[in-house]
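Peer 1: Test case, fold it:
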Amino acid sequence: MPDLLQDLATPALILDLPRLTANLDRMAARGASLGVQLRPHMKTAKCIEVARLATKGQAGGITVSTLAEADYFARAGFTDILYGVGITPDKLAAVAAVQALGAEVILILDSPECAEMVAARAASLPGPFRFLLEIDSGQHRTGLGPDDARALQCGKILSASPACTLLGVMTHAGHSYDCASIEAIREVAEAERGAVVAAAECLRAAGLPCPIVSVGSTPTALYAEHLDGVTEMRPGVFMFGDLFQHSIGSCALDDLALSVLVSVNAWRDDEGRAMIDAGALALSLDRGSPDENGDYAFGLAADLEGQPLPGRPRVRQVNQEHGFLPGLAASPGIGQRLRVFPNHACSTAAQYQQYHVIDQHGRIIDTWRRTGGW
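Peer 2: Below you'll find the predicted structure:
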């Protein structure tokens with residue numbers, strides 16, 4: 001294994017361990033200060049080693065976005081897994097297979113129709129199957145209103161089934177990503193908290209169990225003024241950070257733990273523009289937020305130490321396998337290695353099979369595999 005970034009084939013995915021550890025410690029302290037458990041979302045990292053670090057000192061629960069992830073983490077010994085995507089009856093057999101590995105998988109749903117269907121399917125499979133009701137706290141993507149009578153219907157259907165167990169409620173304030181200020185994020189965080197707490201109170205008033213009251217999103221986890229009535233939070237991208245999270249105040253540039261190592265493979269002196277060997281597939285097509293001029297880009301260029309290049313140039317155009325980096329005073333040199341911080345850590349990391357883990361000196365100290373698929 002090479003121990004220098006200069007010796008890696010490019011493009012390659014780089015994970016800065018000191019920055020990752022600092023981000024994890026910061027969120028763990030945040031959860032403790034709010035009096036809630038941290039159930040980190042692993043859809044960004046998709047990596048056993050990261051999950052072990054992220055759950056250190058916590059109850060051990062994690063969140064996943066695919067059943068392939070659930071299987072992967074269950075095989076690594078994780079036993080408390082929330083599958084954070086609405087369940088359908090055809091997937092219950094795969095859930096049962098994961099639970100046969102020793103894990104307890106928590107599922108979510110948001111309609112009486114789905115509750116009836118999964119209860120019927122669950123009766124023919126080894127269970128039990130555990131559920132949270134998804135509550136809409138303002139994003140209007142999925143979920144039931146906190147006072148929607150259908151939430152009680154769902155709860156009663158699940159509680160009546162010998163194969164199903166109702167565990168509580170959850171929500172995701174994904175619209176916090178659209179906030180233009182920290183104050184706006186705080187307002188969304190309070191709406192998120194208020195919605196699930198109100199839904200939990202409705203269930204309990206009807207005599208239904210609700211031990212879990214779960215919220216999620218990195219911005220609201222960071223800026224909620226309090227989480228009274230909530231039992232856990234499920235942020236995920238906080239582990240790595242990215243340029244979009246930086247743009248909404250969720251992290252500093254020095255917190256960005258994930259980058260793509262690239263090589264300069266061409267230079268246009270008349271335009272002051274370098275071409276790099278990382279394009280749409282290596283960096284993703286997420287354009288992030290516009291800069292002060294209203295222009296979009298595909299990543300921020302930095303040196304091998306992770307410090308942004310002078311003028312903070314960004315990759316402004318991508319082809320499938322190439323990116324174009326304008327705004328440079330001089331050629332970095334053909335073959336020169338650079339690092340590019342991505343707009344969206346989840347989409348960028350998804351293109352790679354492994355992380356090259358570096359220490360505080362920028363030396364490669366390990367290689368961690370990622371999982372994928374659905």
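
Peer 1: Show me what the helix ranked longest in the chain is packed up against.
Peer 2: Assignment by DSSP state H gives helix 182-205 as the longest helix of the chain. If you count contacts as 3 or more CB pairs under 8 Å, 6 or more residues apart in numbering; DSSP states H and E, helix 182-205 packs onto helix 149-160, strand 164-170, strand 212-215, helix 218-223. C-beta coordinates here come from the backbone N, C-alpha and C atoms, glycine included.

Peer 1: For that helix, buried residues please.
Peer 2: 184-193, 195-203 (16 or more other CB atoms under 10 Å).

Peer 1: One more: stretch 315-330?
Peer 2: For stretch 315-330, a neighbour-count test (16+ other CB under 10 Å) marks 315, 316, 318, 322, 323, 324, 325, 327, 328 as buried.

Peer 1: With stretch 331-338 instead?
Peer 2: Buried-residue list, stretch 331-338, by 16+ other CB under 10 Å: 332, 336, 337, 338.

Peer 1: Closest to residue 255 out of these?
Peer 2: Residue 255 has its nearest neighbour among those in residue 338, at 19.5 Å by CB to CB.

Peer 1: can you list the domains in this structure?
Peer 2: The record's domain parsing of the chain by automatic domain parsing lists 5-12+251-369, 35-239.

Peer 1: I'd like the ones you listed as a markdown table, with distance to residue 24 appended.
Peer 2: Formatted as a markdown table, the domains of the chain follow (distance: least, CB to CB, whole Å):
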| stretch | distance to residue 24 |
| --- | --- |
| domain 5-12+251-369 | 9 |
| domain 35-239 | 5 |
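
Peer 1: Quickly compare those domains and say which is most buried.
Peer 2: domain 35-239 (a mean of 20; mean count of other CB atoms under 10 Å).

Peer 1: Can I get stretch 267-275 in PDB, CA atoms only?
Peer 2: In PDB, the C-alpha atoms belonging to stretch 267-275 read as follows (Å, rounded to 0.1, in the frame of the first residue of the first chain):
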ATOM      1  CA  TRP A 267      -3.000  23.000 -19.300                       C
ATOM      2  CA  ARG A 268      -4.300  25.900 -21.400                       C
ATOM      3  CA  ASP A 269      -2.000  28.800 -20.900                       C
ATOM      4  CA  ASP A 270      -4.200  31.200 -22.900                       C
ATOM      5  CA  GLU A 271      -7.100  30.500 -20.500                       C
ATOM      6  CA  GLY A 272      -5.300  29.800 -17.300                       C
ATOM      7  CA  ARG A 273      -7.100  26.500 -17.100                       C
ATOM      8  CA  ALA A 274      -6.100  23.100 -16.000                       C
ATOM      9  CA  MET A 275      -7.800  19.900 -16.900                       C
END
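
Peer 1: Show me the contact partners of that stretch.
Peer 2: Stretch 267-275 has contacts (CB atoms under 8 Å, 6 or more residues apart in numbering) with 264-266, 322-332, 334.

Peer 1: cool, and stretch 100-112?
Peer 2: Contacts for stretch 100-112 (CB under 8 Å, 6+ apart): 70-71, 73-75, 78-87, 95, 98-99, 115, 118, 126, 129-136, 142-144, 150, 153-154, 157, 167, 170, 212.

Peer 1: What ranges does this structure have for its helices?
Peer 2: 17-34, 48-54, 67-75, 92-99, 112-122, 149-160, 182-205, 218-223, 243-247, 280-283, 345-349.

Peer 1: could I get those helices as JSON lines with mean pLDDT and distance to residue 274?
Peer 2: What follows is the helices of the chain, written out as JSON lines (pLDDT from 0 to 100; distance: least, CB to CB, whole Å):
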{"stretch": "helix 17-34", "mean pLDDT": "98", "distance to residue 274": "25"}
{"stretch": "helix 48-54", "mean pLDDT": "98", "distance to residue 274": "31"}
{"stretch": "helix 67-75", "mean pLDDT": "98", "distance to residue 274": "36"}
{"stretch": "helix 92-99", "mean pLDDT": "98", "distance to residue 274": "46"}
{"stretch": "helix 112-122", "mean pLDDT": "98", "distance to residue 274": "51"}
{"stretch": "helix 149-160", "mean pLDDT": "97", "distance to residue 274": "55"}
{"stretch": "helix 182-205", "mean pLDDT": "96", "distance to residue 274": "35"}
{"stretch": "helix 218-223", "mean pLDDT": "96", "distance to residue 274": "32"}
{"stretch": "helix 243-247", "mean pLDDT": "94", "distance to residue 274": "19"}
{"stretch": "helix 280-283", "mean pLDDT": "96", "distance to residue 274": "14"}
{"stretch": "helix 345-349", "mean pLDDT": "96", "distance to residue 274": "19"}
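
Peer 1: Which stretch among these approaches residue 311 most closely?
Peer 2: Between these, helix 243-247 lies closest to residue 311; by CB to CB that is 15.7 Å.

Peer 1: Tell me where the model's unsure across the stretch 201-350 of the chain.
Peer 2: Within the stretch 201-350 of the chain, no stretch falls below the threshold (pLDDT under 70).

Peer 1: Strands of that one, start to end?
Peer 2: Applying DSSP state E, counting those that start in this stretch to the stretch 201-350 of the chain gives strands spanning 212-215, 232-233, 258-268, 273-276, 300-302, 317-318, 323-325, 337-341.
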